[in-house]
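S.K.: Give me the fold of what follows.
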Amino acid sequence: MSNTTTKILEDLQHKFESINQKTETHLEGLLWAKPITYWDYIQTDALLNLQTQRTTLPDEMVFIMYHQVNELLFKMILWEINQVTQSEKPTTQFFTERVTRVSRYFDMLTTSFDIMGDGMEVEQYMKFRNTLTPASGFQSAQYRTIEFASTDLINLIDFRFRATIDRNTPYTHAFEHLYWQAAGKDYHTGQKSYLILEFERKYKEEFLRQMEAYNTTNLWQKFKQLPLEDQQNKDLINAMRHYDKTVNITWVMGHLNAAKKYIESGHGTGEATGGSDWKKYMHPKYQRRIFFPELWSEEELKNWGEDC
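M.R.: Here you go, the predicted structure:
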């Protein structure tokens, strides 16, 4: 037996003894274990059977898979963010690396709008989208969680109501004034639409828990907990600025422009499937979503989203 094998066995012995387990039992289990395959590890069969069309139109499959890929990327983003938010004392290098990873995922999401913009026939989309009503990408719970995990809650409040809300405001009251509430109201009647009522029925309690949990652990709070010298680190600041602009301007505008191509194609009513005032909801210059306002100059804040 080689020295390497002996060392591995000793390490295994130590590992299992530390959790009060018998090493020989686990080793014997390996005799009968099936070697892993790619398709089992990735669960390929399950993954490739998650696409269910509601119509016979071929491009609906593109639409479904595109949004499923988005949700997987959102999960990757949250995985990276939570490594920072759940770390007791993240180093500046670790912080910078994780924010850079998150930005890279959003860069990928931004460029992927070419698939949405050029990957479907307008005529097909305008037909199958009617079967999606009142569902909307607005109802992505993971994206809302990304927002809660990234910034102080005040920065997610509708710009019109920020002066009336502070850190002492009850979460239930703040929830009713989140910027995306405007998109969930019927802009003809002012009443909450079925779109948001169903969204809240499923996720409101979870969102309220997240709002409280991330209140002191979101990315911005973690940044402010770093030593003052580390808060001046150029690489970290650049990473956070890039993330902020990519999420709240570049990605949003990519989504808006892709939506315009189809919704304003002349083949429909020009309204979103959820009935929202989608242009004002999506355009960054209206809601002025900014995760890290203290990292931008007054001029940059003033012109946020204006050059899109």
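S.K.: Out of the helices and strands in this protein, which is least certain?
M.R.: For the chain, scoring each helix and strand by mean pLDDT, DSSP states H and E identifies helix 278-282 as the least confident one, at a mean of 61.
S.K.: Read off the pLDDT value for the closest residue to Thr55 other than its chain neighbours.
M.R.: The shortest distance from Thr55 to any non-neighbouring residue, by Cβ to Cβ, 6 or more residues apart in numbering, is to Phe128 (4.5 Å). To be clear about C-beta, it is placed using only N, CA and C from the backbone, and glycine gets the same treatment. We have a pLDDT of 92 for Phe128.
S.K.: quick one, what contacts Phe128?
M.R.: For Phe128, the contacting residues are 54-55, 57, 59-60, 63, by Cβ atoms under 8 Å, 6 or more residues apart in numbering.
S.K.: Mind listing what's buried along whatever helix or strand it lives in?
M.R.: If you go by DSSP states H and E, Phe128 is part of helix 122-128. Judged by neighbour count (16 or more other Cβ atoms under 10 Å), helix 122-128 contains these buried residues: 124-128.
S.K.: what element comes up after that helix heading to the C-terminus?
M.R.: Next along from helix 122-128, by DSSP H and E: helix 141-150.
S.K.: buried set for that next one?
M.R.: Residues 143-150 are the ones in helix 141-150 that count as buried (16+ other Cβ under 10 Å).
S.K.: same thing with stretch 300-308?
M.R.: Using 16+ other Cβ under 10 Å as the test for burial, stretch 300-308 gives 304-305.
S.K.: what does that stretch rub up against?
M.R.: Against stretch 300-308 from outside (Cβ under 8 Å, 6+ apart): 248-249, 253, 283-286, 288, 290, 293, 296.
S.K.: make it 6 Å
M.R.: With Cβ atoms under 6 Å, 6 or more residues apart in numbering as the test, stretch 300-308 has contacts from 249, 253, 284-285, 288.
S.K.: Stretch 205-223 now?
M.R.: With Cβ under 6 Å, 6+ apart as the criterion, stretch 205-223 contacts 84-85, 145, 148-153, 171, 292.
S.K.: check contacts around the residue nearest to Ile81 when sequence neighbours are not counted.
M.R.: Closest residue to Ile81 apart from its sequence neighbours, by Cβ to Cβ, 6+ apart: Ala149 at 4.8 Å. Going by Cβ under 6 Å, 6+ apart, Ala149 touches 81, 85, 214, 218.
S.K.: Could you tell me which of those belong to helices?
M.R.: Among these, the members found in helices (DSSP state H) are 81, 85.
S.K.: Quick check: the two most widely separated of the contacts of Ala149?
M.R.: For the contacts of Ala149, the maximum inter-member distance is 9.5 Å, found between Ile81 and Tyr214 (Cβ to Cβ).
S.K.: sorry, back to before: please tell me how far the residue nearest to Thr55 sits from Thr52.
M.R.: Going from Phe128 to Thr52 by Cβ to Cβ, to the nearest Å gives 13 Å.
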